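A.B. asks: Quick one, fold the following:
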Amino acid sequence: MREHRPGNCAASVVFDSYIICCWSLTAFRVLPSTSDMLLRPKLPGTHRPCIARSKTSRRYQNVTATASVQVADAQTYAWAGSDEFSSLDDRKDLPPLPLPPIQTRKRIVLVRHGQSTWNAEGRIQGSSNFSGLTAKGTAQAETTRDMLSGDNFESLYVSPLTRATQTADIITQGRQLTTKTLPVLREIDLYSFQGLLKSEGKSRFGDEYIMWQKQAEAFTIDQHAPVRELWYRASLAWQEMLAAPERCALVVAHNAVNQALIGSALGLTARYFRRLLQSNAATSVLDFQPGPTEASPPRVTLDRLNQSPGRPYASDAGGRPPCGRLILVRHAATDADSKGLILGSRDEPLSGLGSVQGGKVAELLLDMKVHSIVTSPARRCLSTAQLIGQLQVEAARLGSPVAAASRSAKPPRVIVMPELRNLDVGMWEGHSTKLVADRGGLPAVAAAAAASVAGPAVSVDDPAFTPGLEDLGEFWCRTEAAWNRLLDAVDHNGGSNVVVVCHAATAAALASHCLSLGPEGLPLMRFDAGGVSIIDFPDGAVAGAGVLRCLNYTAHLGRWAVPITRDDLDMVCGIDGCF
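C.D. replies: Sure, this is the predicted structure:
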């Protein structure tokens, strides 16, 4: 492993490769002023060492009417054994239903409601309906509305709870959308926990509350299993939303149910609850493509996760405080990006646009103390890493509050890790993504290898054979080695913030290792040029589980996002091909 300092990195490199997840979509329009709209975070404190590493749907019309805002004192509320949703009979501890087949591509944009009064109080809301938006929550929803202003939605699905309907009203102001209120989109049912302050939940329920915090998928209360019931209920929502004719829909709901929607769509079980963070008014995007047969479930890609109206790592962005972080950065743009080429193992520097994007990434991370930067040896990755490191150096030199509050004002080390080089794409190197699509996409052997690393060898006469394509099993093993070294780096000195600059396929592999997925997880996630993904480790990196704070966050790029927004569902490329 070779080490370099900012401003003194070697100009020549050995290995490199290019993005495979070359999606032509983005989550939503990022206005030129988006970076100015970001809500400023509170001043970060000293880095703390860690000891441990249209209309309402007819079916639900009556329910919606009874679920209007209720004015009540929280102290008078108590779970009575049933509520207005009990008659729906959707509180079942059953496995999620499989996604229904679809005939056309679809995009679903999920938004969590803005901060509510009970969020601000630290009170457990569940599916109760006694809170509305705070002034801060209204401002968050307005920012999200502006960020989504250029996107075209055909329909709106919204939870019946007031905090969600208020958020939806703000975001859809001026739009004419077919609107359906779906009670299955209500927040998780927490029964006797609802209405309690979190401190009261711990004192009154003891072991049950600890189970809710530590092992939520196994948690039971009032003879219910809330998280497992939620995963089943989310699958009911997918049955209705994916069966609708609209290709692009907006969904405004809640923290836990949005996690369940994402998890159940990606095939993740209820044990992933709390590992897919949802901040107030944040946006997550899922793309669905028809399966190989008319009866097959759709292919699903997480375009981005938790694109929040404020900085994704701000202290008020939700989630447990981390003992360390990995910040995955896909290298900024090159000329090949604008030409739609697959570079493979070719080396290419940043374009002028890429230099601007790299500076925007560095600016986003300016309020975070970065301890080290680990990069692929590719020039475009090294240049992006240097831009981040140089701005950290300038911040320390100028006496930024973050540098002053940290234990050390030393600039971050920039370290080259060869294992982070990208998947070699063999004969597809240098070809356009359109040509790859016309030829049937990256060979089926890659998809087969993703499902089973130890698959049968492909004959040179097989149409799936691609000369020079890196064996996916070898790619998986070397990225696993990189992942383990990165975990050690995060745990260094009781918890460190480590930036990793790499390629889309490599970032997808690292995120899959985080979630304990196999190579089949590679096509599930998208990473755009200059996109930032953050993995938190509340219980330490080696000993604990990683939490995806955000994935493919691009709001910081403003007008320099590529493309800014293009609602193009006709050309979608993933790790296993273009379709």
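
A.B. asks: how about the helices in the stretch 351-500 of the chain?
C.D. replies: Taking DSSP state H, counting those that start in this stretch to define them, one finds helices in the stretch 351-500 of the chain at 352-364, 379-397, 401-405, 433-438, 444-451, 472-491.

A.B. asks: ok, residue 543 - how many residues close by?
C.D. replies: Using other C-beta atoms under 10 Å, residue 543 has 13 neighbouring residues. All C-beta atoms are positioned from the backbone trio N, CA, C, and that covers glycine.

A.B. asks: nope, residue 224 is what I meant
C.D. replies: Neighbour count for residue 224, taken as other C-beta under 10 Å: 17.

A.B. asks: gap between it and residue 469?
C.D. replies: Distance of residue 224 to residue 469, computed by C-beta to C-beta, to the nearest Å: 49 Å.

A.B. asks: quick one: buried residues of stretch 232-240?
C.D. replies: Residues 232, 233, 234, 235, 236, 237, 238, 240 are the ones in stretch 232-240 that count as buried (16 or more other C-beta atoms under 10 Å).

A.B. asks: swap that for stretch 152-172, please
C.D. replies: Across stretch 152-172, burial judged by 16+ other C-beta under 10 Å covers 153, 155-168, 170-172.

A.B. asks: Give me the distance from that stretch to the chain's centre.
C.D. replies: Centre-to-centre, stretch 152-172 and its host chain are 21 Å apart (C-alpha atoms, centre = their mean, to the nearest Å).

A.B. asks: do you know how far the one residue sitting closest to the centre of the chain is from residue 174?
C.D. replies: Closest residue to the average C-alpha location of the chain: residue 305 at 2.2 Å, with C-alpha atoms, centre = their mean. Using C-beta to C-beta, we find residue 305 at a distance of 27 Å from residue 174.

A.B. asks: quick one, what contacts the closest residue to residue 413 other than its chain neighbours?
C.D. replies: Of all residues not flanking residue 413 in the chain, residue 372 sits nearest, at 4.7 Å (C-beta to C-beta, 6 or more residues apart in numbering). Residues in contact with residue 372, defined by C-beta atoms under 8 Å, 6 or more residues apart in numbering, are 412, 413, 414, 415, 489, 496, 498, 499.

A.B. asks: between those, which is closest to residue 321?
C.D. replies: residue 496 (14.4 Å; C-beta to C-beta).

A.B. asks: Which per-residue confidence value corresponds to residue 410?
C.D. replies: Here the pLDDT value assigned to residue 410 is 71.

A.B. asks: which regions of this protein lie under the pLDDT threshold?
C.D. replies: Counting by pLDDT under 70, the low-confidence segments of the chain come to 1-75, 396-409, 433-468, 561-579.

A.B. asks: The same query, at a cut-off of 80, please.
C.D. replies: Counting by pLDDT under 80, the chain has low-confidence residues at 1-77, 316-317, 337-338, 340, 344-345, 395-411, 426-469, 559-579.

A.B. asks: Which of the buried residues of stretch 152-172 fall within strands?
C.D. replies: Members of the buried residues of stretch 152-172 lying in strands (criterion: DSSP state E): 155, 156, 157, 158.

A.B. asks: hang on, the earlier thing: give me whichever of the helices of the stretch 351-500 of the chain is most buried.
C.D. replies: helix 379-397 (a mean of 23; mean count of other C-beta atoms under 10 Å).

A.B. asks: ok now that one, how far from the chain's centre?
C.D. replies: The answer for helix 379-397 is 24 Å, by C-alpha atoms, centre = their mean.

A.B. asks: got the contact list for residue 188?
C.D. replies: 126, 127, 226, 227, 230, 254, 256, 257, 260 are the contacts of residue 188 under C-beta under 8 Å, 6+ apart.

A.B. asks: could you say what helices and strands the helix or strand where the fourth one lies packs with?
C.D. replies: Right, residue 227. Taking DSSP states H and E as the definition, one finds residue 227 inside helix 226-243. Here helix 226-243 touches helix 255-266, going by 3 or more C-beta pairs under 8 Å, 6 or more residues apart in numbering; DSSP states H and E.

A.B. asks: Give the pairing partners of the very next helix or strand once past the helix it packs on; include direction for each.
C.D. replies: The helix or strand immediately downstream of helix 255-266 is strand 283-289, counting by DSSP H and E. Using DSSP bridges, strand 283-289 pairs in its sheet with strand 106-112 (antiparallel), strand 299-307 (antiparallel).

A.B. asks: Same list, those strands, but as JSON lines with distance to residue 380 please.
C.D. replies: Output for the strands paired with strand 283-289, formatted as JSON lines (distance: least, C-beta to C-beta, whole Å):
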{"stretch": "strand 106-112", "distance to residue 380": "29"}
{"stretch": "strand 299-307", "distance to residue 380": "21"}
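
A.B. asks: right, and those strands - which one's nearest residue 320?
C.D. replies: Nearest of the strands paired with strand 283-289 (C-beta to C-beta): strand 299-307, 14.6 Å.

A.B. asks: Following the chain onward from that closest one, which element is next?
C.D. replies: Next helix or strand after strand 299-307 toward the C-terminus (DSSP H and E): strand 325-330.

A.B. asks: could you give the angle of that following strand to helix 472-491?
C.D. replies: If you take axes from the mean of the first three to the mean of the last three C-alpha atoms, to 10 degrees, strand 325-330 sits at 140 degrees to helix 472-491.

A.B. asks: Any buried residues in whichever helix or strand comes after strand 325-330, and which?
C.D. replies: Sequence order places helix 335-339 as the next helix or strand after strand 325-330, per DSSP H and E. For helix 335-339, the neighbour count (16+ other C-beta under 10 Å) marks 336, 337 as buried.

A.B. asks: Export helix 335-339 to CSV, keeping only CA atoms.
C.D. replies: In CSV, the C-alpha atoms belonging to helix 335-339 read as follows (Å, rounded to 0.1, in the frame of the first residue of the first chain):
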residue,chain,number,x,y,z
ASP,A,335,-14.6,13.0,-20.6
ALA,A,336,-15.7,9.4,-21.0
ASP,A,337,-18.7,10.0,-18.7
SER,A,338,-20.1,12.7,-21.0
LYS,A,339,-19.5,10.4,-24.0
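
A.B. asks: Can you name every helix or strand that that helix contacts?
C.D. replies: Contact here means 3+ C-beta pairs under 8 Å, 6+ apart; on that basis helix 335-339 packs against no helix or strand.
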